[in-house]
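Student: I would like the atomic coordinates for the input below:
(chains A, B and C)
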Amino acid sequence: MSKTEEVFSFGDAAARNAALEEEIHGDTMVLNVGPSHPATHGVLRLRLELDGETIVKCDPVIGYLHRGEEKVAENFTYNQFIPYTDRLDYIGPIHNNVTYALAVERLAGIDVPERCQAIRVICCELARLLSHFIGLGCYGMDAGALTVFMYMFTDREKIYSLMEELCGARFTTNYTRIGGLQRDIPDGWLDHVLKVCDDVEKTNELCDKLLTRNRIFYDRCVGVAPLSKEDAISYGVSGPNARASGIAMDLRKDKPYLGYENYEFNVPVGTNGDSYDRWLVRVEEVRQSVRIIRQAVTKMPGGLWYNDKATKIFRPRKDKVLSSMEELIQNFMITTEGPELPVGEAFFEAENPKGRQAFFVVSKGGGVPWRLRIHGPSFSIISALPKILPGCLVQDVPVVLGSIDFVMGDCDR
Amino acid sequence: MDWMYLLIVLVKAVVVVALVMAVAGYAVVGERKIASWVQERPGPNRTTVPILGSIPVVGWWLRRMGFFQLWADGAKFFFKEEPTPAHVNKLYFLVAPVVAFVPAMAALSAVPFGQYVGSDGVAVPLAITNFDVGMLFVMAVSGISVFGIIMAGWASNSKYPYFSSIRASAQLISYELTIGLALLPVFMWTGGTLDLFSIVREQGGVVGGGVFGLPKWFICIMPVSALLYLVALFAESNRLPFDMAESETDLVGGFHTEYGAFKFGLFFVGEYAHMTLAAILFSVIFLGGWSIPFVSMDAMPVGLLGAVVSVGVVFVKTVILMSFIMLVRWTLPRFRYDQVMDLGWKILLPLAVVNLAVYAVILALVEG
Amino acid sequence: MIQQAATTPETFGPVLLQIVLAIAIAVGLILLSNLLGQRVAKRSSFSHTPYECGLPMTGNPHPRFGVKFFLTAMLFILFDIEVVFLFPMATVYRALLAAGIPILAPVLFFLAVLGVGLIYEIRKGALKWEGR
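Tutor: Next comes the predicted model:
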């Protein structure tokens, strides 16, 4: 056996591989759109069975990015786990921070002041812009319009600069804490946010004008891989993919959190669930996100950015820590043993840019969770791929994968 | 065979090949620069060479324009690892890049780059040779490059290149029909010469004696033919929006996945040489070649100055057209394969036939 | 006054020279790159396996391809022959018209036959590219 065959020839993998090869008979050809491929965003392996050009069967193989985050959570305190949440949906990292913090705060039974909520809303919507811009940019690039990718990434750089100003890191933001935030927003940040919103709007309109009514793009995307409403519900698809299929579900409106009920925004819902609808839904969501950010910036309340009553959960102010015994002890306990949370379990779901991201925390007291279960929206949509890809041509695969806009960090955890 | 004549021809051939390879090479750099201007980023602006780069103003400007990038990339290709994988069909694997590259060069022998009007008043084309089957020769020879792609895909013994080469070859042969039919009205109009030099000579002056105010170029007389030829030109050079064969996101490398170093470089240069050839042909046939707008052919300068002016005008038109081709690449999305074939067979081919019939009728009315 | 084009050995000789020169350049470049390039490790198995996104390739590298490619090639041959017939027509068309010979109708008839053939095969689905 050659060295390559040796690697794949022992144990379960060999048996499964052999079983899969047995299934191939007749004229179908097996094509591996493998983990190392420019079109699969991240490490996803699609095992396609082709009949000529048409896909007959599709088998996604995931797990190449599994890092055992749920197990890791059982060994870290609640605050220590926040950097790990950055790496879940790593396209809009700050949203995961916020969702996780909200889940643990629900378990702890505390809530955060209005200023903190408004800042978290702005961060979530900025993450939505980051995520949709990658989605739209990569979709355009996979369809062949390479310039759209570049324009979108230029604007993503501007949002990254905002993140850097806010919390010191462009990408792995690690911004929220249980009971509040890492720090308050810096002076002048809100003006920068408004300026970036203007730029984002312009780029979005530009790319919309370039591609939405472009005949080539239209022919490429309309009718490709439609996901019907019933299938979307049965596979548990959520987010823009579900809305494109006609399900009018948006957790920001249906189960509002962080004060979303106070902001005015619309939720775009598609009709056919094909790739074109998924493009249109995301373009419109960018516009609505910009609207929310502008409202949040103008209505930014004053006050504290953390819950100062949750003394056993949120670390006290530094000047108090260095001068008072009580606060020193609390700081020490929270840092070493973690925030003291009651026994119980809590479930929280939020409208991640990719869909419905949910955290289920089980605590047996103390500062380290007993079990943390993460539900990633990309897992659901990838599980629907064997349903929507058969019937498409092989060249539709990049377009479909781009329109679905999944991220493997969310799927594999 | 006269040795002097042979030497002159050899010098002409070397000059043309060197020039076209330089233009094809700089087309690569130009493409990267144009891409960067479209995408709001700098593009290649750092490579420099020791002595030339230090010339005060010119050297700095050349560096910023990415002029020396080609030298760096070309030299890099020579020093890269040159694999011939064990699983390929060695003979065809090695022959394929040559077959993809040579036809573009060979087809240039019939293309006139300018004219030289000697003291006896006889205009001589600045081409390697002055055929009377010019255009037919060009079409026939450039069609051979399809074999290079087919051989590359088959010899690579791997699924991705195989798929891509079959599709590319089907696409190329389909659009050759459109090219042939779109060019026929031009030959009918010029009264029976296939010779590119005469076609250019026909295009001096103005249409209809100044009534419409348009120069007498074939793009103005037969715009539909020009449009058909332009679209088929994109398809024949495998350029976006017709570049299914080598789109990275679908098929990784396409038919040149298994190639490295200069074998890949030859495919690359061959593709740009094809694009250059197509652009030169379009400028010669439809954009009037070396005719300056509204100036009749006999009023063009004579002698050496005339030769330089004519070559310069052809060069300018070719560069403008190539910039347009590159701009389209960075703007439009890509067609799906079945849409490419539908377009070629169901839309362009019937349109070309109808166009030919219409011009047959127009000529009958003009002559009769 | 222009130099007359012709098809004689004097005009074809340079073409042969051009082809030989182009082949020499291509082969020379490949040889040069072979000499100057780095050596591939002989026993390194991964660069000697076909590329399929990081996993070993299974199955036949030349699977059977659909019959529509054959159909396209055959139809291309037919239409190419028609184009070949049209070329001589294009060269003498204007001269014949000037001489008063009624050639418009035969040309239109020829194109109509071509057109009818094209419409027939499009309607029959010989050029159907999506689906099976």
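Student: Kindly provide the distance from the nearest residue to B:Val302 once chain neighbours are set aside to chain A.
Tutor: The shortest distance from B:Val302 to any residue other than its chain neighbours is 4.2 Å, reached at B:Val117 (CB to CB, 6 or more residues apart in numbering or on different chains). Just so you know, the C-beta spots here come from the backbone N, C-alpha and C atoms, and that holds for glycine as well. B:Val117 is 45 Å from chain A, where distance means CB to the nearest CB, to the nearest Å.
Student: dump the residue contacts of B:Val117.
Tutor: B:123-124, B:300, B:302-303, B:306 (CB atoms under 8 Å, 6 or more residues apart in numbering or on different chains).
Student: For PyMOL, write the select line for the buried members of those.
Tutor: Of those, the buried ones go into a single PyMOL selection, burial set by 16 or more other CB atoms under 10 Å in any protein chain shown:
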select buried, chain B and resi 123+124+300+302+306
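Student: now for the contacts of B:Val117, which pair is the farthest apart?
Tutor: B:Val124 and B:Met300 (13.1 Å; CB to CB).
Student: which residues do the two both contact?
Tutor: With CB under 8 Å, 6+ apart as the test, B:Val124 and B:Met300 both reach B:115, B:117.
Student: about what we covered before: quick check: strands, which of the contacts of B:Val117 are part of them?
Tutor: Here DSSP state E is the test, and these give B:123-124 as lying in strands.
Student: wait, which of the contacts of B:Val117 is closest to A:Met141?
Tutor: Checking those one by one against A:Met141 (CB to CB), the nearest turns out to be B:Met300, at 46.7 Å.
Student: so the closest one makes contact with B:Val308?
Tutor: No - using CB atoms under 8 Å, B:Met300 is not in contact with B:Val308; the gap is 11.7 Å.
Student: Give me the below-cutoff pLDDT ranges for chain C.
Tutor: C:1-6, C:38-64, C:129-132 (pLDDT under 70).
Student: name the helices or strands packed onto the longest helix anywhere in it?
Tutor: Ranked by residue count under DSSP state H, the longest helix found in chain C is helix C:67-98. If contacts are counted by 3 or more CB pairs under 8 Å, 6 or more residues apart in numbering or on different chains; DSSP states H and E, helix C:67-98 sits against helix B:159-189, helix B:349-367, helix C:104-124.
Student: Skipping its backbone neighbours, what lies nearest the residue of the stretch 1-150 of chain B at minimum distance from chain A in space?
Tutor: Residue nearest to chain A within the stretch 1-150 of chain B (CB to the nearest CB): B:Gln39, separated by 3.7 Å. The spatially closest residue to B:Gln39, leaving aside those adjacent along the chain, is A:Met150, at 3.7 Å (CB to CB, 6+ apart).
Student: Tell me the buried residues in the one helix or strand the one you found maps to?
Tutor: Element membership for A:Met150 (DSSP states H and E) is helix A:146-167. For helix A:146-167, the neighbour count (16+ other CB under 10 Å) marks A:146-156, A:158-160, A:162-163, A:166-167 as buried.
Student: same question for that helix, mean pLDDT?
Tutor: For helix A:146-167, mean pLDDT is 91.
Student: what does that helix contact?
Tutor: A:94, A:123, A:126, A:129-130, A:133-134, A:136-138, A:140-141, A:169-171, A:173-175, A:182-183, A:185-186, A:189, A:192-193, A:196, A:199-200, A:203, A:206-207, A:210-211, B:35, B:38-41, B:330-331.
Student: List the pairing partners of the next helix or strand after it within its sheet, with orientation.
Tutor: Where DSSP H and E defines the elements, the next helix or strand beyond helix A:146-167 is strand A:176-177. Take DSSP bridges as the rule and strand A:176-177 pairs in its sheet with strand A:180-181 (antiparallel).
Student: Would you mind identifying the next helix or strand past the partner strand?
Tutor: Defined by DSSP H and E, the subsequent element after strand A:180-181 is helix A:189-211.
Student: Now do that next one: everything it contacts.
Tutor: So helix A:189-211 is contacted by A:122, A:126, A:129, A:133, A:136, A:140, A:143, A:145, A:147-148, A:151-152, A:154-155, A:158-159, A:161-162, A:165-166, A:217, A:279, A:283, A:286-287, A:290, A:293-294, A:297, A:300, B:331, B:333 (CB under 8 Å, 6+ apart).
Student: list the buried ones in it?
Tutor: Of the residues in helix A:189-211, those buried (16+ other CB under 10 Å) are A:189-190, A:193, A:196-197, A:200-201, A:203-204, A:207-208, A:210-211.
Student: Tabulate the residues you listed (TSV), appending distance to B:Phe93 and pLDDT.
Tutor: Output for these, formatted as TSV (distance: CB to CB, whole Å; pLDDT from 0 to 100):
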residue	distance to B:Phe93	pLDDT
A:Trp189	59	91
A:Leu190	61	91
A:Val193	56	93
A:Val196	51	93
A:Cys197	54	93
A:Val200	49	94
A:Glu201	52	93
A:Thr203	45	92
A:Asn204	47	93
A:Cys207	41	90
A:Asp208	46	91
A:Leu210	40	89
A:Leu211	39	90
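Student: okay, those in CSV with distance to A:Ile62 next?
Tutor: Converted to CSV, the buried residues of helix A:189-211 look like this (distance: CB to CB, whole Å):
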residue, distance to A:Ile62
A:Trp189, 38
A:Leu190, 40
A:Val193, 36
A:Val196, 34
A:Cys197, 35
A:Val200, 32
A:Glu201, 35
A:Thr203, 32
A:Asn204, 31
A:Cys207, 30
A:Asp208, 32
A:Leu210, 33
A:Leu211, 29
